[in-house]
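> Here is my input, please return the structure:
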Amino acid sequence: MTSLHHNLSLKDEIRDFWSMRSETFDTQPGHEIFSPEERQAWLALFGRHLGAPASGAKALDLASGTGVISLLLAELGYGVTGLDLSEAMLTRARAKTAGKPIKLYAGDAEDTLEASDTYDAVATRHLVWTLPDPPAAFREWHRVLKPGGRVAIVDADMTNPRPGNGKALRLLASFVKRLSTPKPPAPYMATHQDIVSRVYFSGGCRPEEIARLLEEAGFVDVMIDRNLHAIHRAQGRFMPLYQRLERASQDRFIVSARKPG
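Take a look at the predicted model:
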């Protein structure tokens, strides 16, 4: 019971954190999409990992936030259901998605309450690093997917530098930041760091560990793809140099997999 109470309390804190962030979420590059080039890059990424949807295909967008990924999935041809813990996020998403084939509900990514074998695709962006129990979540996503359905997880390890030149880029970013006039730390950073210290991926959201957990949950054809360069180039046009370098130093990726069948 102690573990259960801890997880429920942590989820409440995560919900409240993102509700607070909802007011400015869409003003930040990397959250909202600010150019046609970025939109096309996102569409290409999901198309590459989910494939072309058949007529009537359904997608589940988990931690749907202000509806950014739901809108992309709808543009690809899916009927979309979006779930998010935060009603404040959902309120903003409903305003943006009105008239689209998108249904939005309050819900928990680790316990969706959706029927088994319902969806052709499950998609998430920047969710997995916040999950208290990713193994339970991945089993749940496997359950709600139809046989042959696919999952696509976009996330980032912001703790550990990316393979290759990540350490050098992190040092360069730090140097450039000292020479510039960066914004002061956001007032929510202490809360953010406290939450990060208590989630499953507190030591960094490593794609190899996500892949391992997906296989444990029963997924096959698991693939790690770090080629998000087109997205990052488009986002970088709206960021100062030190922020572009910081983000380039991080391990940003998509992990996709298939439910057998």
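> Gly232: neighbour count?
Slight slip there: residue 232 is His, not Gly. 17 (other Cβ atoms under 10 Å). Any C-beta I mention is one placed from the backbone N, CA and C, and that applies to glycine too.
> Assumed it was part of a strand.
No. Assessed with DSSP: H, G, I helix; E, B strand; the rest coil, His232 is helix; it does not lie in a strand.
> Use 13 as the first number for this chain going forward.
Happy to do that; since the first residue is 13 now, the last one works out to His244.
> so it sits right up against Glu258, yeah?
No. Applying Cβ atoms under 8 Å as the test, His244 and Glu258 come out as separate, 11.6 Å apart.
> where does the stretch 13-162 of the chain have low pLDDT?
The model of the stretch 13-162 of the chain has pLDDT under 70 over residues 13-20.
> all helices in it, in order from the N-terminus.
Applying DSSP state H, counting those that start in this stretch to the stretch 13-162 of the chain gives helices spanning 14-33, 48-62, 80-88, 99-109, 146-156.
> quick one: the strand of greatest length in the chain to chain centroid distance?
With secondary structure taken from DSSP state E, the chain has its longest strand at strand 157-173. Taking the mean of its C-alpha atoms, strand 157-173 sits 8 Å from the chain's own mean (Cα atoms, centre = their mean, to the nearest Å).
> Next, the angle helix 80-88 makes with it.
Relative orientation of strand 157-173 and helix 80-88, computed by axes from the mean of the first three to the mean of the last three Cα atoms, to 10 degrees: 130 degrees.
> In the helix or strand just after strand 157-173, which of the residues would be classed as buried?
Toward the C-terminus, strand 157-173 is succeeded by helix 178-191 as the next helix or strand (DSSP states H and E). Buried residues in helix 178-191, counted by 16 or more other Cβ atoms under 10 Å: 178, 181-182, 184-185, 188-189.
> Closest one of these to Val140?
Checking those against Val140 with Cβ to Cβ, the nearest one is Gly178 at 19.4 Å.
> Lys195 versus the residue lying closest to the closest one once chain neighbours are set aside, what's the distance?
Excluding its sequence neighbours, the residue lying closest to Gly178 (Cβ to Cβ, 6 or more residues apart in numbering) is Ser261, at 4.9 Å. Per Cβ to Cβ, to the nearest Å, Ser261 is found 18 Å from Lys195.
> higher neighbour count, those two?
For Ser261 and Lys195, the more surrounded residue by other Cβ under 10 Å is Ser261, and the numbers stand at 22 against 8.
> give me every residue that touches the more buried one.
The contact partners of Ser261, by Cβ atoms under 8 Å, 6 or more residues apart in numbering, come to 173-174, 178-179, 181-182, 185.
> Same check on Pro146?
140, 212-213, 222, 225 are the contacts of Pro146 under Cβ under 8 Å, 6+ apart.
> Likewise for Leu102?
Counting by Cβ under 8 Å, 6+ apart, Leu102 has contacts 76, 94, 96, 116-118.
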